[in-house]
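Student: Generate a structure from the sequence data that follows.
(chains A and B)
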Amino acid sequence: MKAGKGILFAVFVLTLIALPSLVSGYWLRVLTQTFLFASIATGSNIIIGYTGYPAFGNIAFFGVGAYVTGVLSTKYGMSFISTLPFCALSGIVLAILLGIPILRLKGHYFAIATVGVMETFRELIDNMTELTGGGMGLTLPIMKLGPESIYKYFYYAMLLCMLFALLLSYIVSKIKLGYALRAIKVDEDAASVMGINTPLYKTIAWALSASVVGLSGGIYAYWISYIDPNTVFVGAYSVKMFAMILLGGAGTVFGPLIGAFVLELISEVVWSKFIAIHGMVLGLLIILIILFIPKGLFETFKGGFSFKKLLSNLKENSL
Amino acid sequence: MALLEIKGLNTGYGDLRILRDISMEVNEGEIVALLGSNGAGKSTLMRTIVGLQRTWSGEVGMGGKSITNASSGTIVKSGISIVPEGRRLFAGMTVAENLEMGAYCNRKDIKHRIDKIFQDFPRLYERRNHLAGDLSGGEQQMCAVGRALMNEPRVLLIDEFSLGLAPTVVDALTEVVYEINRRGVSILIVEQDVQMVLEISSRAYVMEVGAITLSGDSKELLGNSKIKEAYLGLE
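Tutor: Below is the predicted model of the structure:
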């Protein structure tokens, strides 16, 4: 990281730390939600952006993470914080077990398989009524704090989760593993003949990615304090996550974070007035991103904004 | 002494058997040519040696140790590198990064080794910070050869050496291959230009529909009537 960027990032983080004493509860909730999606997008970027495996159903780990916290805190009386390592662990274990068969698939086939995984978990949890409450959902214990403090508590918890995701993503991009993942993304066979153990590295990438998504699911569950299968295994979240990664720039450390902030804040300010066509706008946005900024905001406008770049991207794409 | 040794190798895709009882060897310090028309199974054989394709039966040995169905890391560490068909460079990485990837399993003295590659290919030094995808075909092939050499292999496999390259570039690259061989690296080369490859190699194998049908000294094969007819278009 260059010094300038480092300072910019430090200012960004300090601002976020200071904000709760300056803004209303409504904006705290909006920002907490933004951190949540930034965590999911940044974590998923490790498998999607770095490795080139479109894990469309990564929200499966989010749902499982939410239920791990839910079940452990209601049935086993564990405290919120002590459930979190298990959320991350659930993601890691599931990604390893599922990765061994599924990561042999590529491209669309892999994407579809992960969607299948997500639907399977939704059905499983829906039918494990004794443990999970099934369709009735699960009500989590509410913290014995005032509403103001609760907002702040989860604001900081989610902020930490997001920073953890960023740190993990940054480290992965800098170490030997990151180079291996980049090679796998470009040409898996060529990576393999360099001596890279591609099945192992792909699995590690998915497991790291799943740990972040699982962790954010756990925090989300306690924050929202009521979960049912349909509120945590949400296909629309997958679309949103993908749009954020694409918007910011897949394969960059900060891209998904930027994508999440831009998309969440815009959606809060503008689209909340058009609830009915919210999904349509998201779809339209994805099309526009692919046409005009296929490399994402971060890569495209590194050297400053220009319309020329937008047009030249469109021309290249139409070839 | 046989460095790379293949015995009774069978493999294929799905139910389809491609390679039938392939036995061949590459000795220390040799250049060996592998000839055959399209679909004969040359590339499948190469893929099997580097571990991209599993063997059904038979043995692949390197330096006296079996590397049959070994992990790609083990195979690379045993001293085998490949210049794959179509180069297969990492397009989004720079030339220097591509070379570094070649040393993925063995990062000792990496700077020194990169310098050595740049001495062999001054053109790559000039282009070291360019993306591999932006290079010309000849430069890409140099980069692919350089990447393979970064592993300091004892056997270098080259698949479709001159495919899509200008004749002058092929001549220059052939010189480099000679030079690499003089330093003691054995070479197994797949090449469509039969005349050229028989001139630079000491021995050759000819494959047809997945089996080796002819083998021997390259100079003798150049005079072989079957080779003349099938590959050189001479009567």
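Student: So for stretch A:22-31, mean pLDDT?
Tutor: For stretch A:22-31, the mean per-residue pLDDT is 90.
Student: in that stretch, what counts as buried?
Tutor: Neighbour counts over stretch A:22-31 (16 or more other C-beta atoms under 10 Å in any protein chain shown) mark A:28, A:30, A:31 as buried. (C-beta placed from N, C-alpha, C; glycine too.)
Student: Now the second one: closest residue in space that isn't a chain neighbour?
Tutor: The reference is to residue A:30. With sequence-adjacent residues excluded and distances taken as C-beta to C-beta, 6 or more residues apart in numbering or on different chains, residue A:30 is closest to residue A:268, at 5.0 Å.
Student: hang on, that neighbour in a helix?
Tutor: Yes: assigned with DSSP: H, G, I helix; E, B strand; the rest coil, residue A:268 falls within a helix.
Student: Contact residues of chain B facing chain A?
Tutor: Within chain B, the positions near chain A by C-beta under 8 Å from any C-beta of the partner chain are B:50-52, B:71-73, B:75-77, B:81-82, B:84, B:88-93, B:97, B:100-102, B:104-105, B:147, B:151.
Student: roughly how far is stretch B:223-232 from the heart of the chain?
Tutor: Put simply, stretch B:223-232 sits 23 Å off its chain's centre (C-alpha atoms, centre = their mean, to the nearest Å).
Student: quick one on the thing from earlier: in terms of pLDDT, where does the residue nearest to residue A:30 sit?
Tutor: The predicted local confidence for residue A:268 is 80.
Student: buried residues in stretch A:184-192?
Tutor: For stretch A:184-192, by 16+ other C-beta under 10 Å, it's A:184, A:185, A:186, A:187, A:188, A:190, A:191, A:192.
Student: again but with stretch B:174-194, I slipped
Tutor: Quick answer for stretch B:174-194 (16+ other C-beta under 10 Å): B:174, B:176-177, B:180-181, B:185-192, B:194.
Student: can you give me the strands in chain A?
Tutor: Under the criterion DSSP state E, chain A contains strands at A:138-139, A:226-227.
Student: Same question for chain B.
Tutor: Along chain B, the segments classed as strands by DSSP E run B:2-13, B:16-27, B:31-36, B:57-62, B:65-66, B:80-83, B:155-158, B:186-190, B:203-208, B:211-217.
Student: low-scoring stretches of the chain, by residue?
Tutor: Just going to use chain A. Applying pLDDT under 70 to chain A picks out residues A:1-2, A:271-272, A:317-319.
Student: I was thinking of chain B, sorry if that wasn't clear
Tutor: When residues are selected by pLDDT under 70, those of chain B lie in B:1, B:234-235.
Student: Pick out the residue in it sitting closest to chain A.
Tutor: Distance from chain A to each residue of chain B (C-beta to the nearest C-beta) is smallest for residue B:76, at 3.1 Å.
Student: Among the buried residues of stretch A:22-31, which lie within helices?
Tutor: Those of these mapping onto helices are A:28, A:30, A:31, per DSSP state H.
Student: and the first one, what does it touch?
Tutor: To tie it back to what came earlier, the one meant is residue A:28. A:19, A:20, A:151, A:152, A:155 (C-beta atoms under 8 Å, 6 or more residues apart in numbering or on different chains).
Student: From those residues, list just the buried residues.
Tutor: In the contacts of residue A:28, the ones that pass as buried (16+ other C-beta under 10 Å) are A:20, A:151, A:152, A:155.
Student: was I right about the last one contacting residue A:31?
Tutor: Yes: shown here, residue A:155 and residue A:31 form a contact pair, counting by C-beta atoms under 8 Å, at 6.5 Å.
Student: What is the neighbour count of the residue in the stretch 101-250 of chain A positioned nearest to chain B?
Tutor: Residue nearest to chain B within the stretch 101-250 of chain A: residue A:195 (3.1 Å; C-beta to the nearest C-beta). When counting by other C-beta atoms under 10 Å in any protein chain shown, one arrives at 26 neighbours for residue A:195.
Student: Disregarding flanking residues, what is the spatial nearest neighbour of it?
Tutor: residue B:76 is the one closest to residue A:195 (C-beta to C-beta, 6+ apart), at 3.1 Å.
Student: ok, the one you found touching residue A:191?
Tutor: No: in this structure, residue B:76 is not within contact of residue A:191 by C-beta under 8 Å, at 11.2 Å.
Student: can you put the strands of chain A in CSV and add mean neighbour count and distance to chain B?
Tutor: Formatted as CSV, the strands of chain A follow (neighbours: other C-beta atoms under 10 Å in any protein chain shown; distance: least, C-beta to the nearest C-beta, whole Å):
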stretch, mean neighbour count, distance to chain B
strand A:138-139, 18, 44
strand A:226-227, 18, 40
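Student: So which bits of stretch B:166-174 are buried?
Tutor: B:169, B:170, B:172, B:173, B:174.
Student: how much space between the residue lying closest to the second one once chain neighbours are set aside and residue B:194?
Tutor: The one in question is residue B:170. The shortest distance from residue B:170 to any non-neighbouring residue, by C-beta to C-beta, 6+ apart, is to residue B:162 (4.4 Å). To residue B:194, residue B:162 is 11 Å away according to C-beta to C-beta, to the nearest Å.
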